[in-house]
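[1] Just to be clear, the model below is a prediction. Sequence and coordinates:
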Amino acid sequence: MPSSAPLHFGRRLRLAGPLGPWMGNVAAPLAAPQFRRLWLFTCASNLLRWMELTITSWIALQLTGSPWLVALAGVCRAAPLPLVGPFSGMLADRYDRVLLVRFAQWGKLVPLALLTGTFLTGHGAYWQLLVVSVWLGVSWSLEWPSRRSLLGDLVGPELLLRAAVLDNATMAGTRVIGPLLAGILLAMWGSAAYGAVVLLPVLALVALSQLATRRDIQPAQATSVWQQLRGGFAYVRREQTIWAVILITVAMNFFIFPSQQLFSVVAEHVLRVGPVQLGWMGAANGLGATLGLLFLPRVSRIGGRGWVFAGGSIVAAVALGLFAGSTTLWLSLVLLVLSGFGHTGFSVMQATLVLSHATPEMRGRAMGVMTLAIGSSPLGNLEQGLIAEQWGAPVAIGSSALLCAVIVTLVAWWSPRLLRPRPTPQPAPAR
């Protein structure tokens, strides 16, 4: 557990004015040096994610001209999640989570460096994008359960929601900066934009260099891997709230998040714009997520975490469905901002609900099952890619988004515990 030293650093970063009562002392977890290091790492890792996704989707479209082949790159990136995720969650409960995250960063650095070299020397090809996408997918799958579980290791339960907000603030901020920067680099350098991306795993490794985690949990080594996996699935299935979060996560990752891969197709074929405007589209989604963080504490106090999670998911889906019908760039940007706003409720409360309901010794495996749920996205990429190839990207995005809104509503309705407020732990007295 982190030190109980006074949180002067967090207090200095408290938002002033009318936003102060809304956000509270949101920066309080940054008072812990270990959490600061993890937060800096997360900034670099998320910036890498959004820059790479934007660059790869645009280059794939330029190389092939096919929406289906653009979506296939997303399939390759997400395909390892259902295969690796449950095992990586189990590993997060058995081994040092920091070492697992470091290993995953090397799994990003090496393929990106090789891909950069092939494009800089004029030997880049579409099949290389697919191979690197698979490699990156394995690395993300290994990293995600360990990194998310570290939130619970490095802060106490009273700071868990704030830590999750900060974690998602980096996601939201990099969703603005990453696509904007990627679009500018694509316009200036073309495929050589990968040269800037390859620096980010290096920065992530630097941030991790001084990170060490102290864990009181000592999992029993006598239990086999398969027994631990079965135990993790059984545990998640028994916990109604966690199970509802898993089901909604499947819906969001199958129907909503694959649409990001088709933004390049919408930009070129529907809106008739270039890579810079593609960057605006990705940034608009991130801007909405950033704005959502400002309202999240007040909304969560009014409706509870489950309501924010389900309601945010529905808002994100409906706004994305309306975006699919837009043929104007500025209207599209506004709708993407609204979709990103709703996405904040989903992404922040997803981890918060699971980590707050799971026992400490089951956190890694619960997050591993969550990774498996996220692994539904390659099927979503296939589905949307096939529909986009036959009837266009707007039909693929719109039909998927509206169906997702219906599914989330039904899951929330059938899971009353998800919508039941859970008492927030009170801060421990100062020592």
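    Great, that's in hand.
[2] Please count neighbours and contacts with C-alpha atoms only from this point.
    Noted.
[3] so how far is Val406 from Gly183?
    Separation of Gly183 from Val406 (CA to CA, to the nearest Å): 34 Å.
[4] ah, wrong one, I meant Ala358
    27 Å.
[5] Settle it for me: which of the two has more neighbours?
    More neighbours surround Ala358 than the other of Ala358 and Val406, with 20 against 14 (other CA atoms under 10 Å).
[6] need the contact list for that one.
    By CA atoms under 8 Å, 6 or more residues apart in numbering, the contact set of Ala358 is 242, 366.
[7] Kindly report the same for Gln105.
    Contacts of Gln105 by CA under 8 Å, 6+ apart are 139, 201, 204-205.
[8] any low-confidence regions in the stretch 301-431 of the chain?
    In the predicted model of the stretch 301-431 of the chain, residues 301-303, 420-431 satisfy pLDDT under 70.
[9] how about the helices in it?
    Under the criterion DSSP state H, counting those that start in this stretch, the stretch 301-431 of the chain contains helices at 305-324, 329-357, 363-374, 377-391, 393-414.
[10] Tell me which other helices or strands the second one touches.
    If I follow you right, that is helix 329-357. Counting contacts by 3 or more CA pairs under 8 Å, 6 or more residues apart in numbering; DSSP states H and E, helix 329-357 packs against helix 126-154, helix 160-189, helix 240-255, helix 275-303, helix 305-324, helix 363-374.
[11] so what does the shortest one touch, helix or strand wise?
    Under the contact criterion of 3+ CA pairs under 8 Å, 6+ apart, the helices and strands touching helix 363-374 comprise helix 80-94, helix 126-154, helix 225-238, helix 240-255, helix 329-357.
[12] Adding distance to Leu160, write these out as CSV.
    Converted to CSV, these look like this (distance: least, CA to CA, whole Å):
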stretch, distance to Leu160
helix 80-94, 18
helix 126-154, 7
helix 225-238, 20
helix 240-255, 16
helix 329-357, 7
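[13] So which of the ones you listed is nearest Trp58?
    Closest to Trp58 of those is helix 126-154 (CA to CA; 11.2 Å).
[14] which secondary structure elements does that closest one contact?
    helix 33-64, helix 67-78, helix 80-94, helix 97-120, helix 160-189, helix 329-357, helix 363-374.
[15] if we can go back for a sec, buried members of the contacts of Gln105 into ChimeraX, please.
    ChimeraX command restricting the contacts of Gln105 to the buried ones, with burial defined by 16 or more other CA atoms under 10 Å:
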select :139,201,204,205
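[16] can I get the contacts of Gln105 in TSV with distance to Leu115?
    Converted to TSV, the contacts of Gln105 look like this (distance: CA to CA, whole Å):
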residue	distance to Leu115
Ser139	16
Pro201	14
Ala204	19
Leu205	19
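[17] So which of the contacts of Gln105 belong to helices?
    Mapping the contacts of Gln105 onto helices (DSSP state H) picks out 139, 201, 204-205.
[18] Could you list the low-pLDDT ranges of the stretch 151-300 of the chain?
    Using pLDDT under 70, the flagged stretches of the stretch 151-300 of the chain are 156-157, 213-226, 228-229, 297-300.
[19] hang on, the earlier thing: can you tell which of the helices and strands packed on helix 363-374 is closest to Val270?
    helix 329-357 (9.4 Å).
[20] Now do Arg272 against Ile184, distance only.
    Using CA to CA, Arg272 is found at 17 Å from Ile184.
[21] Who has more neighbours out of the two?
    Ile184 (18 against 13).
[22] Could you pull up the contacting residues of the nearest residue to the more buried one once chain neighbours are set aside?
    Excluding the flanking residues, the one nearest Ile184 by CA to CA, 6 or more residues apart in numbering is Val276, at 5.6 Å. Shown in contact with Val276 (CA under 8 Å, 6+ apart): 180, 183-184, 186-187.
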